[in-house]
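> What follows is a predicted protein model with its sequence.
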Amino acid sequence: VVLHKSAPDRMASTAVASIISAGGGMPVVAWDAYDPASRRLTIAAVQFGGKVYSNAIITVAKVVSGGTTGFMGYAFAASSANSLVAQFDVGIKGQLSPLITPTVTIKNSNPLSIAADSTGRHAYVANANTGAIYQYHISAAGTLSPLNPVSIATEFTASYIVASPTGSYLYAATASSGIYEFNIGADGTLAPMSIPSLGGSGAINAVSMDPQGKFLFVSGIDAGTGTGIISVYPIGANGAAGIPTLVPTGMQGTAIAVDPTGTYAYQVNGDNVQEYVITEGNFSPGASAATPGNDAPWAASVDPSGKY
């Protein structure tokens, strides 16, 4: 649930989720009205975090029983084959459940990548057919609604995108060796930076960032040698990417995952998982430089604890 206070600000969904996770449910309160259509629960008073809020309106993201499950957040998945984005809520045990509106259709598109900004209020989808980046607001109930304008064009095909985890910036990698840089406005809309694009490695297949937002990692092909590389771009105070350092990898990767501490990175390339240690943006092979993959691995992710 997300608590909408009668005061001007709003309690963050993460704060409420932590209460649910720790206590198994919301505090028991006397509620005044519940509207199933909008899933809004009105109560005269409720206490959260030692504070009492009067005439609170609670948006119920998921109705559960017995206090054994709860709500932790939302997840979105882009489907290039079906030209849509699937919408899920995430239970406290990691289980996914489709929202009441399970999908958002993007007509005549090939969505390959999706990213959310650091506030968790906006999401972006890269359309590999046209190069456009679609912009959405994430509602309190987890559903996506288009911003105005609904999309922003890029000169070449922007297939892979990543948002800064600490700032209001978004980076889009094109399959034809370019990086686009955007500022994210307070309303979530994108605006090109003063230097909107810069060169990169050829045939880009993956883009990622460290958790501190200090470095941008781009997996591609060295145009001169034809071998796989990771381009490491330092990120300046204004969000602009600097001159990259090229890290040879032998084979081109299809995904890069970075652990929550920013100490380790994992690149999959269809045959194996390459492990790296990161020190101020410098990559060095890990203890097990390459671990055989199963069934042609294409994507990778690290859980928030950094253990898996």
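Cool, the structure landed.

> can you pull out the helices in the stretch 1-150 of the chain?
For the stretch 1-150 of the chain, the helices defined by DSSP state H, counting those that start in this stretch occupy 13-23.

> quick one, what contacts Val85?
Contact analysis of Val85 by CB atoms under 8 Å, 6 or more residues apart in numbering lists 76-79, 103-104, 106, 111, 114, 123, 125, 144. Every C-beta, even on glycine, is put in place using the N, C-alpha and C of the backbone.

> Please repeat the previous calculation with a cut-off of 7 Å.
Each residue near Val85 by CB atoms under 7 Å, 6 or more residues apart in numbering is listed here: 76-78, 103-104, 106, 111, 114, 125, 144.

> Low-confidence regions, the stretch 101-250 of the chain specifically.
156, 175-177, 199-203 (pLDDT under 70).

> same thing but at 80, please
107-109, 131, 140, 155-159, 174-178, 195-205, 222-226, 250 (pLDDT under 80).

> so where do the strands sit in it?
111-116, 122-127, 133-138, 144-152, 158-163, 169-174, 178-184, 190-199, 202-209, 215-221, 228-234, 245-250 (DSSP state E, counting those that start in this stretch).

> Turn those strands into a markdown table, columns for distance to Tyr276 and mean neighbour count.
Formatted as a markdown table, those follow (distance: least, CB to CB, whole Å; neighbours: other CB atoms under 10 Å):
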| stretch | distance to Tyr276 | mean neighbour count |
| --- | --- | --- |
| strand 111-116 | 22 | 20 |
| strand 122-127 | 25 | 25 |
| strand 133-138 | 28 | 21 |
| strand 144-152 | 33 | 15 |
| strand 158-163 | 17 | 24 |
| strand 169-174 | 19 | 26 |
| strand 178-184 | 20 | 22 |
| strand 190-199 | 23 | 14 |
| strand 202-209 | 12 | 22 |
| strand 215-221 | 10 | 25 |
| strand 228-234 | 8 | 22 |
| strand 245-250 | 8 | 16 |
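
> Now that we have those strands, can you turn them into a markdown table and tack on distance to Asp271?
As requested, the strands of the stretch 101-250 of the chain are exported to a markdown table (distance: least, CB to CB, whole Å):
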| stretch | distance to Asp271 |
| --- | --- |
| strand 111-116 | 21 |
| strand 122-127 | 26 |
| strand 133-138 | 31 |
| strand 144-152 | 35 |
| strand 158-163 | 20 |
| strand 169-174 | 22 |
| strand 178-184 | 26 |
| strand 190-199 | 28 |
| strand 202-209 | 14 |
| strand 215-221 | 14 |
| strand 228-234 | 11 |
| strand 245-250 | 10 |
